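K.L.:
One predicted model, sequence on top.
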Amino acid sequence: MNNLLEKRIEAGDFIITAEYLPGTNFENPPLPHLKNKSIVAVNVADNPYGPVMSSLSTSIHLQKAEVEPIYQLVTRDRNRIALQSDVLGAASSGIKNILCLSGYHQTLTDQPESAHVYDIDSIQLINTIRQMNSDGVLLNGTKINNLSILIGAVANPYLRPLELNIIRLVKKVNAGARFIQTQAVFNTTDFQEWMDAANNEGITKKAAIIAGIFPIESYDEALQLIEKHTDFYIPDSHLKRMKDAGDKDAQKKMGITICAETIKKIKGIKGVSGIHIISGGKENVINEIIAEAGL
């Protein structure tokens, strides 16, 4: 049986997904913020900034609470043996969605001395799971029961040159990705250019493009994100609005307003299948963003 995310993709509906960032204290997921009826599925981050409760176990918790999980799986920390093992474990637990990504470099986590693995990259992981799905075999040829996993990937619409960006996106889709969640969109003009290229390549007919939305809480946070992460492209106009908003509460509200404005612009772009609210641990603002954007 198809899962809800797959059903909504096949129906061509506008999809809303959100992110949950697990913690280290065995806390239960904040279900009141994640059970909004507009949210189709919830990503579970895989140790993005250092060790937290595992994405797999947290995805199982969400599933038991009747929240459809998107299990994130990064290649930074695991070789191909561990990756295939975790995919089998996810499948045995009834998890139907896996997002394949490389993960932030370990120097961007709170344990920068960690050794990285990167035995295979995200495209190879996508192809591995596709092979486990359709062919019922592991990488070494071992026969398994065919899986039924909906495979997702990530993309940064701001990487240039655009031609190389699209080539990599095509490779992910051809490898088996059925949905693409993007990094945070702030500059809708450049995002429009990327979407035009994706449409021209026929990508949007093969995979659902779900645009990332990130709520900035303060001007200082925006500066820190730009300095630390190469995947955050925040326009000067947004920075000025955050700075001029006033105190912390006013800046937080401005961040939500910017999210809502961005969503409304994105909805009008041809080929966009939905939005993904990248909470970054701020799950308490998810419902507010959905409400303000009229979703």
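P.N.:
Great, that's in hand. Numbers count the residues shown, from 1 in each chain.
K.L.:
ok, now which ones touch the spatially most central residue of the chain?
P.N.:
What sits nearest the mean C-alpha location of the chain, by C-alpha atoms, centre = their mean, is Gln181, with 4.8 Å. Residues in contact with Gln181 (C-beta atoms under 8 Å, 6 or more residues apart in numbering) are Thr17, Asn43, Leu99, Gly152, Ala153, Val154, Ala155, Ile210, Gly212, His276. (C-beta placed from N, C-alpha, C; glycine too.)
K.L.:
how about it, secondary structure?
P.N.:
strand (DSSP: H, G, I helix; E, B strand; the rest coil).
K.L.:
ok, it to Asn174 distance?
P.N.:
18 Å (C-beta to C-beta, to the nearest Å).
K.L.:
Show me what the helix or strand encompassing Val173 is packed against.
P.N.:
Per DSSP states H and E, Val173 falls inside helix 162-175. Helix 162-175 sits against helix 122-134, strand 150-155, strand 179-184, helix 188-200, with contacts defined as 3 or more C-beta pairs under 8 Å, 6 or more residues apart in numbering; DSSP states H and E.
K.L.:
Show me what the second one is in contact with.
P.N.:
By C-beta under 8 Å, 6+ apart, the residues outside strand 150-155 that reach it are 3, 5-6, 9, 70, 96-101, 122-123, 126, 129-130, 133, 165, 168-169, 172-173, 176-183.
K.L.:
Just the buried subset of the residues you listed, please.
P.N.:
3, 5-6, 9, 70, 96-101, 122-123, 126, 129-130, 133, 165, 169, 172-173, 176-183 (16 or more other C-beta atoms under 10 Å).
K.L.:
By neighbour count, which of the contacts of Gln181 wins?
P.N.:
Gly152 (30 neighbours; other C-beta atoms under 10 Å).
K.L.:
gap between the residue nearest to the centre of the chain and Gly274?
P.N.:
9 Å.
K.L.:
Identify the contacts common to the two.
P.N.:
By C-beta under 8 Å, 6+ apart, the residues touching both Gln181 and Gly274 are Thr17, Ile210.
K.L.:
ok, Lys282 - how many residues close by?
P.N.:
Neighbours of Lys282 (other C-beta under 10 Å): 19.
K.L.:
Surely it and Ile216 touch.
P.N.:
No - look at Lys282 against Ile216 with C-beta atoms under 8 Å: they stay out of range, at 9.7 Å.
K.L.:
Would you map the strands across this protein?
P.N.:
Applying DSSP state E to the chain gives strands spanning 15-20, 41-44, 69-74, 97-101, 150-155, 179-184, 208-213, 272-277.
K.L.:
Pipe those strands into TSV and attach mean pLDDT and distance to Glu292 per row.
P.N.:
Shown next, in TSV, are these (pLDDT from 0 to 100; distance: least, C-beta to C-beta, whole Å):
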stretch	mean pLDDT	distance to Glu292
strand 15-20	97	13
strand 41-44	98	20
strand 69-74	98	24
strand 97-101	98	26
strand 150-155	98	25
strand 179-184	97	17
strand 208-213	98	11
strand 272-277	98	12
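K.L.:
Alright, calling it a day.
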